[in-house]
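1. fold the following, please.
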Amino acid sequence: MAEPPIGDGRTGALRRAQSDMAFTLTRADRPRGPLPGMPLRSSMMELSLDGGVLPPPREPIRLQDLGFRAAEPRWPTDVEMAMPGPRHIHPHESIVEPILPPSAQGPSEERVTMRSLVYCLQPLPRGLRCPLHYTDALRSPPTLEPFYHLQDADDTTLVFESRFESGNLEQATRTGAWSYELTLRKDLYTKRHTQWFYFSIRNGRAGQTYTLSITNMAKSDSLYARGMQPVVYSEVAARDGVGWRRAGENIQYFATSTRSNKPGYTLSFTYTVKYSNDIIYFAYSVPYTFGDLQRYIAAALEQPGAARRLHHRVLCKTMAGNACDLLTITSFDGSVASMSTRPAIVISARVHPGETNASWMMKGVLDFLLSDDPDAEVLRDSFLFKIVPMLNPDGVIVGNYRCNLAGFDLNRTYREPSAALHPTVLGIKTLMQTLVRERPVLLYVDLHGHSKNSGVFAYGCETSDAPAARFKERIFPAMLARIAEGVFFLDRCRFRMQDSKAGTGRIVGRLEHGLLNSLTIEASFCGPGPSGPLANRQFTPGDYEAVGASLCDALLDYCDPDQAKADLMLAEIRQSLAARLRAARGLASDTAVDLDEVDVDELLEGSSDGSDSCNEDNTDFFASDDEARDARERGREREGKPARRDSSASRDVAARKPVPPPRTELRRLHRRARSDEAKLLLGADSAATTQQPTSVSPGAVARRRSSALHMSTGNLSSSPGRPPRLARESMRPAVSLTAINVTVVEFPARF
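-> Residues are numbered from 1 along each chain as shown. Next comes the predicted model:
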């Protein structure tokens, strides 16, 4: 009898046999020894078909051996989108793009001579807050016709388009011969969040200057008012190897009135077209799409020796059915015992889909960890890295700025994530719970972008409730500031744990998992600011990648065997805080200050943590109004203002059950979540325990340095086979892994 094909095991053979009604089940027919050329691997009864015996089951197929197939993006069916979207080149270039000098901020005196609608998205169904149907990933999307068709060769109207992956532009209105007013689409199924834009124009005339005004920006303050420029990509210039560039002149950001009398803000800039017959893309920051990530993972898994350092799996599926990828990076050629004791490091990004600079930092982390650099090998031998490069694929695909398809800011849902509404947050939280039970977790980092502040900085979690660990949460950021000098700023870091941020990943990581190093790292969309060796310049994707590589460098410093670095950094931190506290109190420089007797975070950082949220971001679209009012009242109490309501404002938010979403379809999703919960309760990655590698010394963190790493201060450079690295000192004290990495802090409930 012919052998069944691969993938068609005992179940498929039984179905065929039952349909033919020609089978017998007898122990006598079962072979008493191995079949010729095939060992007997099962003692179960075999099927006998016309005297023949089915072969025993094959060995299970390892998913790693099947290879990686890039997932096709899915999106709501009521959203028009052309796939595949545009693919841009990203050459490794050493370019310096200075910020623009400040310009007058305010509406121009240009007179509106016409109002002609030249682009408009298909309106979404009214009243629908949560999508119910999604595209079939295997179905080719239809070809989309442009909204505006050119009348003749003399028609000078720009043709706009944003119906591609991560695109965002709702309307374009021609207001003059060379000027246009644009409006952005709000995050899908919400009434707010207009910040991210990504669209294209064509039919521009070479040498002609156009004025583009985006009239519904949401935030009252913006880095555009301080010299930041949009990013622009020309398909004609790309043929010569030119990628995204900062461009645009006469940039203005100012308040405008709206029909509803609510405050609105306009971003206006001019751009001069360089080439005829060109397609030009404009974006808030350099895009990094879901498709870009899928292509990156596929390329990484195809590299020689990738199986010894990188394993891939799908953490979970999103609401639309997109894959949320989980990458495990470690040395898989060590012993099972050594891998089971390696401390874990968890890094995530793009919980806010419009913060594309987070993906470029993540790319720097991945490039370094997957490289052949000796330092990367040390990290792989010493740690188990669990990396979720894109926590909100749905939002990235449809061009949202902050929310997922249910209208939630996912970085406010970590306390009680829903399997139906926040599956990726539930997935990473469950992964974290599993890791904490199995091994020490040294570091959790969530990468973000910031639209108001300059430089790169961190939000951490204070340790005032744990005297034994006081100020130790600042050591890792301090080391990162040493390595990325002039880019990462320790004095801009904040370590308050505010009630309004109780649902963020970093605070849940501290309070529920006891992590000392639970951080959000924020990178400015603009640049490092007016100070430092890289002052008054704008960040490029290469700069963000260098920050990611510096993050890995800081891990090596943080975990060096010599414990002197820990004591030295902690002493410097205390001295700096004491000096700031004396300055805040107006005391003499030689006055003794006891830091352990005061709440340093409250005195120095005040009631604000520098959040990048806009005024309405403290609550989700479906969040309880009572929770929002409670958060505002607690802020009033900290500022010494009288409460506007009764004492219920001081109740613990965590003690109350959240109000369920008011919509019928959302109730149905919540009911479905109960049955889906088990599917999202993820165990440890089996790949780390099924290998049979050679043994390494447990806990060994031997420092290895390459002579190519000694660079001049303040410059970005790179060497073959590694991402660009920020400058670092050649000789520095070290930090002991055993002194810091397994610190688990017990905190009383605060929220």
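2. and the closest residue to Arg87 other than its chain neighbours, what element?
-> Distance criterion CB to CB, 6 or more residues apart in numbering; nearest residue to Arg87, sequence neighbours excluded, is Gly291 at 7.6 Å. For every residue, glycine as well, the C-beta is placed using N, CA and C. Gly291 is part of helix 290-301 when elements are defined by DSSP states H and E.
3. for stretch 456-467, measure first residue to last.
-> End-to-end distance for stretch 456-467, by CA to CA, to the nearest Å: 28 Å.
4. sorry, back to before: what is the helix holding Gly291 packed up against?
-> Judged by 3 or more CB pairs under 8 Å, 6 or more residues apart in numbering; DSSP states H and E, helix 290-301 is in contact with strand 310-317, strand 323-329, helix 356-369, helix 393-398.
5. for Gly241, find the nearest of the ones you listed.
-> Closest to Gly241 of those, according to CB to CB: helix 356-369, at 19.0 Å.
6. out of the helices and strands packed on helix 290-301, deepest packed?
-> Compared across the helices and strands packed on helix 290-301, helix 393-398 shows the largest average neighbour count, a mean of 29 (mean count of other CB atoms under 10 Å).
7. what's the burial count for the closest residue to Val286 other than its chain neighbours?
-> Excluding the flanking residues, the one nearest Val286 by CB to CB, 6+ apart is Trp244, at 4.6 Å. By other CB atoms under 10 Å, 23 other residues sit near Trp244.
8. try Gln538
-> 23.
9. that one contacts Pro98, correct?
-> Yes. Judged on CB atoms under 8 Å, Gln538 makes contact with Pro98 at a distance of 7.1 Å.
10. the nearest residue to Leu421 once chain neighbours are set aside: how many residues sit nearby?
-> Once flanking residues are discounted, Leu421 sits nearest to Ala406: 4.5 Å by CB to CB, 6+ apart. When counting by other CB under 10 Å, one arrives at 26 neighbours for Ala406.
11. and Ala406, that one's in a strand?
-> No. When DSSP: H, G, I helix; E, B strand; the rest coil is applied, Ala406 is found to be coil, with no strand at that position.
12. got the end-to-end distance for stretch 69-76?
-> Start to finish, the residues bounding stretch 69-76 are 22 Å apart (CA to CA).
13. show residues contacting that stretch.
-> Here stretch 69-76 makes contact (CB atoms under 8 Å, 6 or more residues apart in numbering) with 81, 83, 131, 133-138, 165, 188, 290-291, 294-295, 297-298, 320-323, 393-394, 397-398, 405.
14. give me the buried positions along it.
-> Neighbour-count burial for stretch 69-76, counted by 16 or more other CB atoms under 10 Å, picks out 71-76.
15. for stretch 186-196, same thing?
-> Neighbour counts over stretch 186-196 (16+ other CB under 10 Å) mark 186-190, 192-196 as buried.
16. point out the least confident member of the residues you listed, please.
-> For the buried residues of stretch 186-196, the weakest pLDDT value sits at Arg192, with 84.
17. is that one in a helix, a strand, or coil?
-> Arg192 is classified as coil under three-state DSSP.
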